[in-house]
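Asks: Build me a model:
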Amino acid sequence: MRKKRWFKILIPVIVLYAILLGGLWSAMFQPPDKFGRVMSKMPVPAVFIVFPFKYMWLVARRGHLHVGDTAPNFSLQTIDKKSRVELSSFRGSRPIVLVFGSYT
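Replies: Okay, here's the model as predicted:
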């Protein structure tokens, strides 16, 4: 009798967990703005404690570049916001170093 009661509780919890895990997993493959909207609605401590967030994030965002591959082209707005600069415009002319993050 107790086993039936536990299964009545446990099965919906497992199904709900799987649905939430799948939703979070699919959101990680979306562009950053869409992923940000999803994460803004999530209770952050629960996400990091209940789900294997770090592992999922590393797998979802690992990319396909290997050592020696040409960097994908992208463009960025200049600091004065008057023009854009493309990475491909520097190809073959000089070495480029890309630094992502804060240097304060």
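Asks: helices and strands of this protein: which one has the lowest mean pLDDT?
Replies: Every helix and strand of the chain was ranked by mean pLDDT, DSSP states H and E. The lowest is helix 44-50, at a mean of 83.
Asks: Output it as PDB, restricted to C-alpha atoms.
Replies: Extracted in PDB, the C-alpha atoms of helix 44-50 (Å, rounded to 0.1, in the frame of the first residue of the first chain):
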ATOM      1  CA  VAL A  44      18.500  31.000  -9.700                       C
ATOM      2  CA  PRO A  45      19.500  29.000  -6.600                       C
ATOM      3  CA  ALA A  46      17.100  26.200  -7.600                       C
ATOM      4  CA  VAL A  47      18.500  26.000 -11.100                       C
ATOM      5  CA  PHE A  48      22.100  25.600  -9.900                       C
ATOM      6  CA  ILE A  49      21.200  23.200  -7.100                       C
ATOM      7  CA  VAL A  50      18.500  21.000  -8.600                       C
END
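Asks: Spatially central residue for the chain, please.
Replies: Nearest residue to the geometric centre of the chain (CA atoms, centre = their mean): residue 28, 4.4 Å.
Asks: okay, it: pLDDT?
Replies: Looking at residue 28, its pLDDT is 91.
Asks: Surely residue 59 is in a strand?
Replies: No: using DSSP: H, G, I helix; E, B strand; the rest coil, the assignment for residue 59 is helix, not a strand.
Asks: still on that earlier bit, tell me which residues are up against the least confident helix or strand of the chain.
Replies: Residues outside helix 44-50 that contact it (CB atoms under 8 Å, 6 or more residues apart in numbering) are 17, 24, 39, 53, 54. For every residue, glycine as well, the C-beta is placed using N, CA and C.
Asks: Which of those residues sits closest to residue 95?
Replies: Residue 95 lies nearest to residue 54 out of the contacts of helix 44-50, by CB to CB, at 32.8 Å.
Asks: now the helix or strand hosting the closest one, how far from the centre of its chain.
Replies: Assigned by DSSP states H and E, residue 54 belongs to helix 53-60. How far helix 53-60 lies from its chain's middle: 8 Å, per CA atoms, centre = their mean, to the nearest Å.
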